[in-house]
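Student: Structure here, sequence nowhere to be found:
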């Protein structure tokens, strides 16, 4: 009788382990037009120049400031990429033969259509991200909120997880509010 009980207990244990593994496997997303990686979202890639982005989106970008003004080195464009809303972060890249080209330094979305290749997306929790990227360098912690001109406090509701790539030049940023992912961002890592 004891052997039968042990057999059923072992069978139940293995079945539940297999069930968890199947759930994790099912969560993986095939590479599609809304897959976000450390390189960008779909065909919208970090490092693309302003003309390349305009060609991809089939529209002229409307920057907030005059691109040729002194001190102008970054800007953000809110637009559509296919069927999702995105924020595209640009930085001016200087070279010897021109006065500076705007290039993508980051892409962010709040669309539930966008997922990582491991299946993490809007509405997921911290452990979903940590298990999907357990072999990557990760920084995480509460966000800081401004109280007044001189005082900042750690947020009780906002949290960010930064998943670095192997070269430490790009990262995925998961922004959480009330323990749920609310935005996904691919970005270059800024130097100190």
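Tutor: Nice, thanks for sending it over. Worth saying up front: this structure is predicted, and the values here are computed from it rather than measured. Residues are numbered from 1 along each chain as shown.

Student: what residue ranges in the chain score low on pLDDT?
Tutor: Within the chain, the segments meeting pLDDT under 70 span 1-31, 65-72, 94-100, 191-192.

Student: So the residue nearest the centre of the chain, which state does it fall into?
Tutor: The centroid of the chain falls nearest to residue 185 when counting by Cα atoms, centre = their mean (2.9 Å). Classification of residue 185 using DSSP: H, G, I helix; E, B strand; the rest coil returns strand.

Student: buried sites along the longest strand anywhere in the chain?
Tutor: What stands out as the longest strand in the chain, according to DSSP state E, is strand 152-164. The neighbour-count criterion (16 or more other Cβ atoms under 10 Å) identifies 159-164 as the buried residues of strand 152-164. For glycine as for every other residue, the C-beta is placed from the backbone atoms N, C-alpha and C.

Student: What is the nearest of those to residue 115?
Tutor: Nearest to residue 115 among the buried residues of strand 152-164: residue 163, at 14.1 Å, using Cβ to Cβ.

Student: quick one: the strands in the chain?
Tutor: For the chain, applying DSSP E gives strands covering 36-37, 40-41, 44-45, 74-81, 84-93, 101-109, 138-146, 152-164, 170-177, 180-188.

Student: Tell me which other helices or strands the last one touches.
Tutor: So the one you mean is strand 180-188. The contact analysis (3 or more Cβ pairs under 8 Å, 6 or more residues apart in numbering; DSSP states H and E) places strand 180-188 against strand 36-37, strand 101-109, strand 170-177.

Student: Just send the ones you listed back as TSV, with distance to residue 142 and mean neighbour count too.
Tutor: Below are the helices and strands packed on strand 180-188 laid out as TSV (distance: least, Cβ to Cβ, whole Å; neighbours: other Cβ atoms under 10 Å):
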stretch	distance to residue 142	mean neighbour count
strand 36-37	23	20
strand 101-109	19	21
strand 170-177	10	20
